[in-house]
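Enquirer: Okay, here's the prediction I keep looking at, along with the sequence it came from:
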Amino acid sequence: MKIIDEINKDTEENASKIRTFIKDYVKDFKKRGVVIGVSGGIDSAVILALAVQKLGKENVYGLLLPEKESASSSKELGARLCDTLGVSYEEVPITPILEALDIYGKKEQIIKRTCPEYDPDIHKTSLVLPSLLEDNMITIPSIRLVKDGEIVSKNRLKAKDYLELIGIQNVKQRSRMLVQYMYAEKNNYLVCGTTNKTEYLLGQFVKYGDGGVDIEPLGDCYKTQVYALAELLDVDREIIERPPSADTWSSYTSDEDFFWRMPIDIMDQLLYSQEHELPVDVIKENTELSEETINKAKRGIAKIGKASKYITSNPPICYLEK
């Protein structure tokens, strides 16, 4: 049994179901179309293409939402994708919102406390976590300083600073969602999300940020399936080959360095095997990992899932007796 083949066996059918899902909910919610935040990444590219195929380009609106730490390629690839598909779009920088809340200043203070050598004029920064496949399972996050494309230092964050930093960074996704809803409500459109199943299972989204949407067409598609959809839809090769990232750090940080902490094909095979209760021998044969490493990775994934439970669940309601 090839796990990757099992994951990707119904790509054309998946594309058809997603297209129908988008159209059905636009109709059910009595909306005219969808707004999509176009990041230059593979998830939004796949959703944009499928939405255009089912709703028509005139009923799809793209938003480019850069800020000063975004990679320039994000905006360029997003704009090129919209132009290729004939989708109307607008660029709305969120930097003024973040500056008004002093997000950059607060972030810089934490980095300077962690990295005394940090110089914002010469260093770019990223937040990383150790691999779940390494022998050392210590999950202490680190700030990485990059100069002229080379990593020059890596300093561990204190727990308090890490929590503050995550809260600061999450304002970026929440600011983007504010803008998307402003445009959606103005045009009587739905806000169409781009979170996939891998991200959902890991809690890899920001509550009321990129997770605060009206519909999630990719919510039952592993990231591996999104890549298969991109190939089917003939998405721009540069987008397909670009390392996925939340794109919120000045040094472009891939999801593999922080969220997945392992190659995506390994992560998806582990998640799929967990969902389908596959025996460890099948996992070993497919991933070429030892049983010890597989068990370590599974414990790490379980820990991530437990920590993100509040993100993936709806707000609890206090029900009163009638």
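Expert: Good, I have the coordinates.
Enquirer: For the stretch 51-200 of the chain, just list every one of the helices.
Expert: For the stretch 51-200 of the chain, the helices defined by DSSP state H, counting those that start in this stretch cover 72-85, 95-100, 103-114, 159-187, 197-202.
Enquirer: deepest of those, which one?
Expert: helix 197-202 (a mean of 22; mean count of other Cβ atoms under 10 Å). All C-beta atoms are positioned from the backbone trio N, CA, C, and that covers glycine.
Enquirer: Contacts for whichever helix or strand comes after that helix next, please.
Expert: Counting by DSSP states H and E, the element after helix 197-202 in chain order, helix or strand, is helix 223-232. With Cβ atoms under 8 Å, 6 or more residues apart in numbering as the test, helix 223-232 has contacts from 4, 7-8, 11-12, 14-15, 18, 42-43, 45-46, 50, 196-199, 218, 221, 239-240, 244, 264-265, 267-268.
Enquirer: let's go with 7 Å and repeat that
Expert: Identification of contacts with helix 223-232 by Cβ atoms under 7 Å, 6 or more residues apart in numbering yields 4, 7-8, 11-12, 14-15, 42-43, 45-46, 196, 198, 218, 240, 264-265, 268.
Enquirer: ditto for stretch 5-17
Expert: Leu50, Cys221, Tyr222, Thr224, Gln225, Ala228, Leu229, Leu232, Asp268, Tyr272.
Enquirer: 10 Å - rerun?
Expert: With contacts defined as Cβ atoms under 10 Å, 6 or more residues apart in numbering, stretch 5-17 is touched by 2, 46, 49-50, 53-54, 217-218, 220-233, 265, 268-269, 271-273, 276, 278, 286.
Enquirer: about what we covered before: can I get the buried ones among the contacts of helix 223-232 as something I can paste into ChimeraX?
Expert: Here is the ChimeraX command that selects only those of those that count as buried (16 or more other Cβ atoms under 10 Å):
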select :7,8,11,14,15,42,43,45,46,196,198,218,240,264,265,268
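Enquirer: which residue packs closest to Ile94, ignoring adjacent ones?
Expert: What sits nearest to Ile94 in space, not counting adjacent residues and going by Cβ to Cβ, 6 or more residues apart in numbering, is Ser175, at 4.5 Å.
Enquirer: wouldn't that neighbour be in contact with Met182 here?
Expert: No: look at Ser175 against Met182 with Cβ atoms under 10 Å: they stay out of range, at 11.0 Å.
Enquirer: Please enumerate the shared neighbours of these two.
Expert: By Cβ under 10 Å, 6+ apart, Ser175 and Met182 have these common neighbours: Val92.
Enquirer: Just list the residues touching the residue nearest to Ile94, thanks.
Expert: Going by Cβ under 10 Å, 6+ apart, Ser175 touches Leu65, Glu67, Val92, Ile94, Thr95, Pro96, Ile97, Leu98, Ala100, Leu101, Ile103, Gly209.
Enquirer: could these be laid out in a markdown table, adding pLDDT?
Expert: Below are the contacts of Ser175 laid out as a markdown table (pLDDT from 0 to 100):
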| residue | pLDDT |
| --- | --- |
| Leu65 | 97 |
| Glu67 | 96 |
| Val92 | 98 |
| Ile94 | 98 |
| Thr95 | 97 |
| Pro96 | 98 |
| Ile97 | 97 |
| Leu98 | 97 |
| Ala100 | 98 |
| Leu101 | 97 |
| Ile103 | 97 |
| Gly209 | 92 |
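Enquirer: Where does the prediction get shaky in the protein?
Expert: Along the chain, segments meeting pLDDT under 70 span 135-138.
Enquirer: domain assignment for it?
Expert: Residue ranges for the domains of the chain, per automatic domain parsing: 3-99+171-249, 101-163.
Enquirer: For these, could you give me a markdown table that also reports distance to Ile317?
Expert: Below are these laid out as a markdown table (distance: least, Cβ to Cβ, whole Å):
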| stretch | distance to Ile317 |
| --- | --- |
| domain 3-99+171-249 | 16 |
| domain 101-163 | 27 |
